[in-house]
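Asks: Pasting a predicted model and its sequence here:
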Amino acid sequence: MKPVYLPPIDAEGGAYRERSIEPRRTALLNIDMQNMEVSREIRDRARQPGTPESRKASYYERVERLVIPNQQRLQAAARKAGLEVIFTTIESLTRDGRDRSLDHKISRLHAPKGSWEGRVIDEVAPVGDEIIIPKTSSGIFNSTNIEYVLRNLGIEYLIVYGVLTDQCVESAIRDAADRGFMVTQIEDCCASYTPEQHEHSIHAMKGHYCRTRSTDEMIAELERLTTGAQVA
């Protein structure tokens, strides 16, 4: 097998962070694409004037028209390449949510154990034996055993995407980077309530805690790596 070239950790321009993934050591992490947040019913209500969801209509339109189709393409390419696809959703360990974080109690965020609200939406749902890790806080690394699971799987690279860009997605990126994972954020597989919130978060993460790629760029990289061609 051809050895993997690794630039020095402190190489100029963040070259160590910007290098290609190693597919066998890479997992996708889909964040909070669940019924409670972006179900078809919620997206439909957002198109009806005067509903609470209509105040965030542009967000739900981005999810519908850009984020979901891109996630579908990304996950299909990852499965074809043999990558692990992992999901996390907000879901309590109990029906009454007494185990939730203080912040989620204050914010009135609660998907009861085993509920429809806690399930990944059908459009990007897990396939077969793929892993789902419920969480009860913003940051998955702070309230679950995901690091233990990733280490057991031999994962060193994480491809992160979902909602909201500047909340749970950003928390996962920061925490994964702090724990020594090489993180890639897929910009057009993420969304936040306003374009400004989304862009500000992408800019804050890019080149500091992760590298940033589009869906097309990430799929092209996967295809080149898994067909043996060299990736710049």
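Replies: Received it, and whenever you're ready, just let me know what you need. Being a predicted model, the structure only gives us computed values, none of them experimental.
Asks: which ones are touching Thr94?
Replies: Contacts for Thr94 (C-beta atoms under 8 Å, 6 or more residues apart in numbering) come out as Pro112, Lys113. From N, CA and C alone the C-beta is placed, and that goes for glycine too.
Asks: would you say it is within a strand?
Replies: No: with DSSP: H, G, I helix; E, B strand; the rest coil as the criterion, Thr94 is located in coil rather than a strand.
Asks: And the strand ranked longest in the chain, what does it pack against?
Replies: Looking across the chain with DSSP state E, the single longest strand is strand 182-191. Helices and strands touching strand 182-191, by 3 or more C-beta pairs under 8 Å, 6 or more residues apart in numbering; DSSP states H and E, are helix 68-81, strand 157-163, helix 170-178, helix 195-205, strand 211-213, helix 215-226.
Asks: Now do the contacts for Arg100.
Replies: Going by C-beta under 8 Å, 6+ apart, Arg100 touches Ser92, Leu109, His110, Thr136, Ser137.
Asks: Now the two most distant members of the residues you listed.
Replies: His110 and Ser137 (12.3 Å; C-beta to C-beta).
Asks: So if I had to pick from these two, which one is more boxed in?
Replies: Of the pair His110 and Ser137, His110 is the one with more neighbours under other C-beta atoms under 10 Å, namely 21 against 18.
Asks: Tell me how many other residues crowd the residue lying closest to the more buried one once chain neighbours are set aside.
Replies: Nearest in space to His110, with sequence neighbours left out and distances taken as C-beta to C-beta, 6 or more residues apart in numbering, is Gly97 at 4.2 Å. Gly97 has 18 neighbours, counted by other C-beta under 10 Å.
Asks: Can I take it that Gly97 is in a helix?
Replies: No: counting by three-state DSSP, Gly97 is located in no helix; its state is coil.
Asks: I'd like the distance between it and Met182.
Replies: As defined by C-beta to C-beta, to the nearest Å, Gly97 lies at a distance of 34 Å from Met182.
Asks: wait, doesn't Arg62 sit right on Ala191?
Replies: Yes: applying C-beta atoms under 8 Å, one finds Arg62 in contact with Ala191, separated by 4.6 Å.
Asks: Comparing these two, which residue is more hemmed in?
Replies: Legend: neighbour count by other C-beta under 10 Å for Arg62 and Ala191, higher for Ala191 (28 against 20).
Asks: circling back to that earlier point, hey, what's in contact with both of His110 and Ser137?
Replies: Shared contacts of His110 and Ser137 (C-beta under 8 Å, 6+ apart): Arg100, His104.
Asks: Out of the helices and strands packed on strand 182-191, which is closest to Pro7?
Replies: When the helices and strands packed on strand 182-191 are compared for distance to Pro7 using C-beta to C-beta, the nearest one is strand 211-213, at 13.0 Å.
Asks: partner strands of that closest one, parallel or antiparallel?
Replies: Paired neighbours of strand 211-213 in the sheet (DSSP bridges): strand 182-191 (parallel).
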